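In: sequence? don't have it. structure:
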């Protein structure tokens, strides 16, 4: 165990987490990682590499809530909860699918030092993604947002850490 109570090194764990996130929701909505959901009405995405197993279960669409959990040999070792989505006024001037397609691109670039969501800032055409990150892998929280032509169109709150 490391000082963070992880069964593998921090570097190995972060590399696993980044890969899991890039191959699930950030990969075009996770179509290739979708599983039959354990919970009725949810969507479930999974990734496995050796003894590490990642599961993301969420509910909703334009507004959603969910939980990501990483297991080591079937024991939960890390988790993150999140909720958020498109802001109410968005559909009046933007197709929400555009914002989520941009979000998936932003989430392909998680910072190694904070691999929970996307980078601190990411820009593409008329979209800007921001991520305010607090804490470390052991315990963290943050708020991400998307702006379209300078107008906030999406916001999500997240928190999590290593389980003890």
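Out: All right, it came through fine. These figures come from a predicted structure and were not determined experimentally.
In: Quickly list what residue 53 is bridged to.
Out: residue 48, residue 71 (DSSP bridges).
In: Revised request: answer the last question for residue 78.
Out: Applying DSSP bridges, one finds that residue 78 bridges with residue 70, residue 162.
In: For the longest helix along the chain, give the mean pLDDT please.
Out: Counting by DSSP state H, the longest helix found in the chain is helix 10-23. Mean per-residue pLDDT for helix 10-23: 96.
In: mind listing what's buried in it?
Out: For helix 10-23, the buried set under the neighbour-count rule, 16 or more other C-beta atoms under 10 Å, comprises 13-18, 20-23. Using the backbone N, CA and C atoms, a C-beta is placed for each residue, glycine as well.
In: now swap in stretch 131-142 and tell me
Out: 131, 133, 137, 140-142.
In: now for the residues you listed, which pair is the farthest apart?
Out: 131 and 137 (15.2 Å; C-beta to C-beta).
In: Secondary structure class of the residue positioned nearest the centre of the chain, three-state.
Out: Nearest to the geometric centre of the chain sits residue 117, at 4.6 Å (C-alpha atoms, centre = their mean). Secondary structure, DSSP: H, G, I helix; E, B strand; the rest coil: residue 117 is coil.
In: got the contact list for it?
Out: When contacts are counted by C-beta atoms under 8 Å, 6 or more residues apart in numbering, residue 117 touches 107, 110, 131, 133, 142, 144, 156, 158.
In: Nearest to residue 60 among the residues you listed?
Out: residue 156 (11.5 Å).
In: Bridged to that closest one, which residues?
Out: Beta-bridge partners, per DSSP bridges, of residue 156: residue 84, residue 144.
In: what do you get for residue 148?
Out: Beta-bridge partners of residue 148, as defined by DSSP bridges: residue 127, residue 151.
In: quick one on the thing from earlier: just the contacts of residue 117: which are in strands?
Out: Residues of the contacts of residue 117 located in strands (DSSP state E): 131, 133, 142, 144, 156, 158.
In: Pick out the most distant pair among those.
Out: For the ones in strands among the contacts of residue 117, the farthest-apart pair by C-beta to C-beta is 133 and 156; their separation is 12.5 Å.
In: returning to what we had before: among the contacts of residue 117, find me the one that's closest to residue 38.
Out: Among these, and counting by C-beta to C-beta, the member closest to residue 38 is residue 158, at 21.0 Å.
In: which residues sit in contact with the closest one?
Out: Residues in contact with residue 158, defined by C-beta under 8 Å, 6+ apart, are 80-82, 116-117, 141-144.
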